[in-house]
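Peer 1: A predicted structure for the sequence below; I have some questions about it.
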Amino acid sequence: MGRLWMIAFVAVLCTYLFFRWLPPLEPFSPTLFLTQLLFSPFRTWLAFACFLLGVAANGALLSIAVTGTVRLLSGRRLRLGQWLFSLAALGHFYWAFQFHWRLAALFFVFSFFYGMMTLRSRQTMPHRWP
């Protein structure tokens, strides 16, 4: 459970820092974005690093949530505390969608696809060879 706390903390922190450190996007101006990239490259690259780390952490939370949901619907045993905690930790996307919905949607889609790619097929369904 300690590992899950750390993943949730990293997910929330990286999501916040990504939105905080990214150059202003409303109204979007390519010249302003490139100027911020040139004159403040460390901050912009940290935002991109937080994006990648946040996608990985949110993907892990989504993977746990989806695996738990499949186990619950199929009637198999699941770790209820981990499942509920991962669902609660994903609540930070509500704040992200309030801040900038397009960017949050992109962040969520990348996290979702990363989480689904990391699912192990033997955990969600039995693997049968022909």
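Peer 2: Received, thanks.
Peer 1: C-alpha coordinates for stretch 83-90, PDB please?
Peer 2: Written as PDB, here are the backbone C-alpha positions of stretch 83-90 (Å, rounded to 0.1, in the frame of the first residue of the first chain):
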ATOM      1  CA  TRP A  83      -9.000  -0.200  -5.800                       C
ATOM      2  CA  LEU A  84     -10.900   2.500  -3.900                       C
ATOM      3  CA  PHE A  85      -7.700   4.400  -3.200                       C
ATOM      4  CA  SER A  86      -6.700   4.400  -6.900                       C
ATOM      5  CA  LEU A  87     -10.200   5.600  -7.800                       C
ATOM      6  CA  ALA A  88     -10.000   8.400  -5.200                       C
ATOM      7  CA  ALA A  89      -6.500   9.400  -6.400                       C
ATOM      8  CA  LEU A  90      -7.800   9.800  -9.900                       C
END
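Peer 1: what about it, average pLDDT?
Peer 2: When pLDDT is averaged along stretch 83-90, the result is 89.
Peer 1: What are the boundaries of the helices in this structure?
Peer 2: Across the chain, reading from the start of the chain, the helices by DSSP state H fall at 2-21, 30-39, 41-74, 80-89, 92-99, 101-117, 121-124.
Peer 1: Mean pLDDT lowest where, among those helices?
Peer 2: For the helices of the chain, the bottom mean pLDDT is recorded on helix 121-124, which sits at a mean of 50.
Peer 1: got a list of what residue 77 touches?
Peer 2: Listed by Cβ atoms under 8 Å, 6 or more residues apart in numbering, the contact set of residue 77 reads residue 71. Glycine gets a C-beta too; all of them are placed from N, C-alpha and C.
Peer 1: just the one 3 residues further on next, same as before
Peer 2: Contacts for residue 80 (Cβ under 8 Å, 6+ apart) come out as residue 68.
Peer 1: quick one: it and residue 45, what's the gap?
Peer 2: 40 Å (Cβ to Cβ, to the nearest Å).
Peer 1: tell me, how many neighbours does the closest residue to residue 21 other than its chain neighbours end up with?
Peer 2: Taking Cβ to Cβ, 6 or more residues apart in numbering, and ignoring the residues beside it in sequence, residue 21 has residue 47 as its nearest neighbour in space, at 3.8 Å. Using other Cβ atoms under 10 Å, the number of residues around residue 47 comes to 19.
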